[in-house]
Each structure stands twice: as C-alpha cells, then as structure tokens.
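J.: this one's structure only:
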C-alpha cells in the first residue's frame, strides 16, 4: 500500500547500501530528483540497472555509489559519452565499476520476466551478435516444442525501483502519460517501488482509457516533487532542457569541475531547486 512521504524519508526507508536499484525512465520522466537524494544520503555499493543510462547514472557513478551497472547502451543522449562512467571503467575513478551489457530487447524482456515472477527471460535475440561472447549472463536455450535456439537472460528483480510520473491520486494510484518505457514493468518487478510525481490530485478525470495507471497496491512510497524529472521532460508539464545535456558534456569531462558542480547542485541542494529550474524553462 502506497505511503505518502517526503523524498528524504522515501529514499531512507527504501534504499539500502548494497541494493540492486533501478532509476528508470526512457528519455522522459527520468527520476533525477530521487537519484540526487540517494547521492545526498551517501548510499554505496549499489548495483544500478537501467535501459539506456544517461547523465543521472553518470552522476551516480561519478559520486562513487555504484559497484556494478547492468545496462543497454550508455550515453549522453544526442551529445556523446558518459564521461564519468568511462573514467570509472578505464581508470577506476572514483572506484572500480563492474559492467554487464545487454541489448535493449534483453533489458525489456528481463523486466517483463521479473514483473511476471519468472527466473529468466527467453526471447529471440543476439543471433550473430558478439555481445554474448563477453557477457556470461547471456545464455542459449532450446525450445522444447520447436527445437529453435533462443536467447535467455536472468530476470530483473530490483530491491527497489524509482520512477517519476505526472500524477498520483490521494488513494495512491499513479498516472503515467506520454512515453512509458519500462516504468510499469520495473515497478511490478521490484520488491519496493518509489514514485515521485509532479502533483497529487483528488482523482483522475477525463482520461483516455489506454493511459498507464499503476494501482496503489503496486507502489511503496509516493512523493510529490514538482520538476523531479528535470532536465528530462514530463509530458504535459515541461519540455526537455536540451542545454543541460549539452552543458553536462563539459562538466563531466573534468573531475574537479564535476565534483564542484555536484556539490553546488546536488549535495548542497534540495528538491525545491527542481521546481525553480523548471519554472525558468
């Protein structure tokens, strides 16, 4: 049953050192505010799962929270590299980072398998691909009905998932509009789920029946954080802050510049800053 909490309470109650955690969002509704609170609370030894990790994972890695990343394609979207992630892999700064790389299809199927309570995902994939030669988590199985060789990967079952959404009602149901990505699947796959939202409303009215609604019994904690997805966008609330992604390439290129920026904009900041930034867009 969903609890309404502050952001600091929700992170403190649900995210522990050593957890496997997913901060999910596909170009849209990326839970930056929640990840920043995890950084402020100094969590460590995390295994991070994410389809297409972008600058928020660059920040988590650069601040030393992660020991391992399970992912498909890592980059600053539309700009280039994740420089803090690359520094960790190549130079062990600020610590060594283990990686487990998959295809997008494998990640999506692994989340679906986790949501269904299955131990692994089985799908058509990796035929002719070299990734399976360097990732021992990619296996092959033979279909007992057709004899076809299929790919298999472990299901994603995070200890905790964080997503951002547009609205929650006072019962604790969550509404997601626009690009959904794998937010529904990660919430259903995780042991605990924290959802930050733009606003809490009395009820959802006049909505299209195909919208994604997560019922209150699938969510552990709900936090109202206006602007909590910035600099990604929230459909119907604010656009993508493209300048922030361009600027990140310069910030992340230098360890000292990165460290100063994180102190000023994350460690010494609060969730209210997100709302103020969004108002300025």
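T.: Great, that's in hand. Being a predicted model, the structure only gives us computed values, none of them experimental.

J.: how about stretch 237-253: buried residues?
T.: Within stretch 237-253, the residues that count as buried by 16 or more other C-beta atoms under 10 Å are 237-238, 240-241, 244-245, 248, 251-252. To be clear about C-beta, it is placed using only N, CA and C from the backbone, and glycine gets the same treatment.

J.: same question but for stretch 153-167, I mixed them up
T.: For stretch 153-167, by 16+ other C-beta under 10 Å, it's 153-167.

J.: Same check on stretch 170-182?
T.: Going by 16+ other C-beta under 10 Å, stretch 170-182 has these buried residues: 172-178, 180-182.

J.: okay if I get those residues as CSV plus secondary structure, distance to residue 104 and pLDDT?
T.: Shown next, in CSV, are those (DSSP: H, G, I helix; E, B strand; the rest coil; distance: C-beta to C-beta, whole Å; pLDDT from 0 to 100):
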residue, secondary structure, distance to residue 104, pLDDT
172, coil, 31, 95
173, coil, 29, 94
174, strand, 24, 95
175, strand, 25, 94
176, strand, 19, 94
177, coil, 22, 90
178, coil, 19, 90
180, coil, 15, 88
181, coil, 11, 90
182, coil, 10, 95
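
J.: Residue 223: which of the buried residues of stretch 237-253 is nearest?
T.: Closest approach to residue 223 among those (C-beta to C-beta): residue 237, at 15.7 Å.

J.: wouldn't the closest one be in contact with residue 166 here?
T.: Yes: here residue 237 reaches residue 166: they are 6.6 Å apart, a contact under C-beta atoms under 8 Å.

J.: joint contacts of those two?
T.: Taking C-beta atoms under 8 Å, 6 or more residues apart in numbering as the contact rule, residue 237 and residue 166 both touch residue 198.

J.: picking up where we left off before, so which of the buried residues of stretch 153-167 belong to helices?
T.: Using DSSP state H, the subset of these located in helices is empty.

J.: ranges for the strands of the stretch 51-200 of the chain?
T.: 66-72, 98-101, 120-123, 139-142, 149-154, 160-169, 174-176, 192-201 (DSSP state E, counting those that start in this stretch).

J.: re earlier: need the buried residues of stretch 170-182 in TSV (columns: distance to residue 21).
T.: Shown next, in TSV, are the buried residues of stretch 170-182 (distance: C-beta to C-beta, whole Å):
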residue	distance to residue 21
172	21
173	23
174	18
175	23
176	19
177	25
178	23
180	20
181	16
182	14
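
J.: which one among those residues gets closest to residue 69?
T.: Distance to residue 69, by C-beta to C-beta, is smallest for residue 182 among the buried residues of stretch 170-182, at 16.1 Å.

J.: Now that closest one. Nearest residue, chain neighbours left out?
T.: residue 111 (4.8 Å; C-beta to C-beta, 6 or more residues apart in numbering).

J.: contacting residues around that neighbour?
T.: For residue 111, the contacting residues are 156, 182, 185-186, 189, by C-beta under 8 Å, 6+ apart.

J.: Now tabulate the residues you listed in a markdown table and tack on distance to residue 206.
T.: Shown next, in a markdown table, are those (distance: C-beta to C-beta, whole Å):
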| residue | distance to residue 206 |
| --- | --- |
| 156 | 34 |
| 182 | 27 |
| 185 | 27 |
| 186 | 28 |
| 189 | 31 |
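
J.: any idea which of these is the one closest to residue 82?
T.: Nearest member of the contacts of residue 111 to residue 82, counting by C-beta to C-beta, is residue 182, at 19.5 Å.

J.: pretty sure that closest one contacts residue 24?
T.: Yes: the criterion here is C-beta under 8 Å, and residue 182 meets it with residue 24 at 5.8 Å.

J.: Need the residues touching each of the two.
T.: residue 51.
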